[in-house]
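S.K.: Next comes the sequence, and after it the predicted model I'd like to discuss.
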Amino acid sequence: MASLSPAAAAALARLRAYHPPATQWYKLPLVRRAAVLILLFADKKGELRVVLTIRSAGLKNYAGQAALPGGKADTLSETPWTTARREAFEEIGLSMTNEDLPSGYVVEHLTELPSNLAMTELGVRPCVGYLKAPAPRSPLLATGDADRAPDVARDLLPKLDAKEVAAVFTSPFHNFLRSEDEDVRDREGERKVPGQWYNGSWHSWHESPWRMHQFYVPVKPSTVFRAKTIAAGDAAKEDDPRPSKPKHQPKADKATPSSQNVHSSSSSLQPPLPSSTYQVSGNVLDQRRYRVFGMTARILVDCARVAYGEEPDFEHNSHFGDEDMIGKLMKAGRLGPERKHREVLTRDVMVRAAKLS
């Protein structure tokens with residue numbers, strides 16, 4: 001692995017120095033707490049990439065969608081970072097402690113971002129980590145590997161035991177601030193990957209304009225790693241929605257629930273998006289670009305804004321997270337310890353909450 005580029009080193013420094021505002025996360029009841037892991041690492045050129053997943057096609061919820069590793073808290077004593085690390089271990093096999101990682105690898109907790117409000121009425125706390133590889137010829141490397149330059153994508157990701165996901169893939173981190181592929185080889189010449197990098201549109205959420213980002217990440221054998229095939233019965237068990245298995249509720253970092261859950265006449269999402277927005281046609285793993293959209297995309301944009309100290313070249317929401325709205329909804333009597341069937345944030349609820357100080 002090459003040394004960190006100046007831009008990447010500066011990005012990590014900004015993330016370490018970032019102190020998020022006070023969060024509502026710890027005031028939420030357990031059933032409303034969730035966290036995701038933004039795991040960064042340096043590629044061979046020293047630039048930052050981020051780890052994402054494709055959910056298994058056999059799961060009952062959000063099948064085939066791209067996501068950050070994450071999910072709901074198990075106990076009130078769990079911090080967002082602990083929740084994110086545990087879920088990453090369960091989903092992609094990333095060890096929860098540095099001692100259990102391959103020799104020389106370390107995960108550093110850089111910072112956390114303001115909590116986001118999912119349409120399923122969960123508070124989602126993004127946690128940012130940096131996966132540092134050992135230096136070339138490091139004595140920490142296993143015997144016989146000392147002459148090989150460490151490479152996260154080669155040495156670690158292929159070994160991840162993905163039980164709830166169909167694949168793990170990586171994307172250039174800074175590109176989430178750009179409307180085109182930054183790598184000219186992906187958009188021009190013989191190595192061009194068909195399709196565009198970015199597409200976005202405005203919609204109403206929280207009774208205010210909300211930017212729906214959609215990124216189409218080009219993938220290649222060196223940046224995507226497929227999981228072993230999981231039997232259909234086992235996949236259903238992994239996503240069992242019954243109360244006896246709360247950690248297997250629908251994953252919280254998915255910003256866009258299925259249309260039948262939110263697109264009623266009383267939904268706060270106006271105008272309604274077509275159901276095709278949330279569906280994955282064909283085998284997503286065979287596509288040349290993987291779509292990253294909704295809350296996952298918004299979180300990545302916001303994290304890149306903090307890391308690189310610059311704004312994207314496309315339209316976006318200027319605020320970070322939804323801490324203010326989460327607090328107002330709690331005052332309005334929502335986000336309680338009991339989750340009602342087909343509960344949605346209606347226009348009336350959002351208007352009433354917005355008026356609270």
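M.R.: Noted; the coordinates are in hand.
S.K.: contacts and neighbour counts: CA atoms only from here.
M.R.: Will do.
S.K.: pLDDT weak spots in the stretch 51-200 of the chain?
M.R.: Filtered on pLDDT under 70, the stretch 51-200 of the chain yields the residue ranges 60-61, 137-149.
S.K.: mind listing the helices for it?
M.R.: Using DSSP state H, counting those that start in this stretch, the helices of the stretch 51-200 of the chain run over residues 80-92, 152-155, 184-187.
S.K.: Tabulate these (a markdown table), appending distance to Leu30.
M.R.: Output for those, formatted as a markdown table (distance: least, C-alpha to C-alpha, whole Å):
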| stretch | distance to Leu30 |
| --- | --- |
| helix 80-92 | 12 |
| helix 152-155 | 34 |
| helix 184-187 | 43 |
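S.K.: Report the contact partners of the nearest residue to Leu177 once chain neighbours are set aside.
M.R.: Nearest residue to Leu177 in three dimensions, chain neighbours excluded: Pro312, at 4.1 Å (C-alpha to C-alpha, 6 or more residues apart in numbering). Contacts for Pro312 (C-alpha atoms under 8 Å, 6 or more residues apart in numbering) come out as Phe176, Leu177, Arg178, Ser179, Val301, Arg305.
S.K.: What is the nearest of those to Thr83?
M.R.: For the contacts of Pro312, the closest approach to Thr83 (C-alpha to C-alpha) belongs to Val301, at 21.8 Å.
S.K.: show me where this structure has strands.
M.R.: Assigned by DSSP state E, the strands in the chain fall at 33-42, 48-55, 66-67, 70-72, 106-112, 116-117, 123-132, 165-172, 198-205, 208-218, 224-226, 289-293.
S.K.: now those in JSON lines, with distance to Leu156 and mean neighbour count?
M.R.: Output for the strands of the chain, formatted as JSON lines (distance: least, C-alpha to C-alpha, whole Å; neighbours: other C-alpha atoms under 10 Å):
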{"stretch": "strand 33-42", "distance to Leu156": "11", "mean neighbour count": "27"}
{"stretch": "strand 48-55", "distance to Leu156": "12", "mean neighbour count": "24"}
{"stretch": "strand 66-67", "distance to Leu156": "19", "mean neighbour count": "28"}
{"stretch": "strand 70-72", "distance to Leu156": "19", "mean neighbour count": "29"}
{"stretch": "strand 106-112", "distance to Leu156": "12", "mean neighbour count": "19"}
{"stretch": "strand 116-117", "distance to Leu156": "30", "mean neighbour count": "26"}
{"stretch": "strand 123-132", "distance to Leu156": "10", "mean neighbour count": "25"}
{"stretch": "strand 165-172", "distance to Leu156": "11", "mean neighbour count": "24"}
{"stretch": "strand 198-205", "distance to Leu156": "29", "mean neighbour count": "16"}
{"stretch": "strand 208-218", "distance to Leu156": "21", "mean neighbour count": "20"}
{"stretch": "strand 224-226", "distance to Leu156": "11", "mean neighbour count": "21"}
{"stretch": "strand 289-293", "distance to Leu156": "21", "mean neighbour count": "22"}
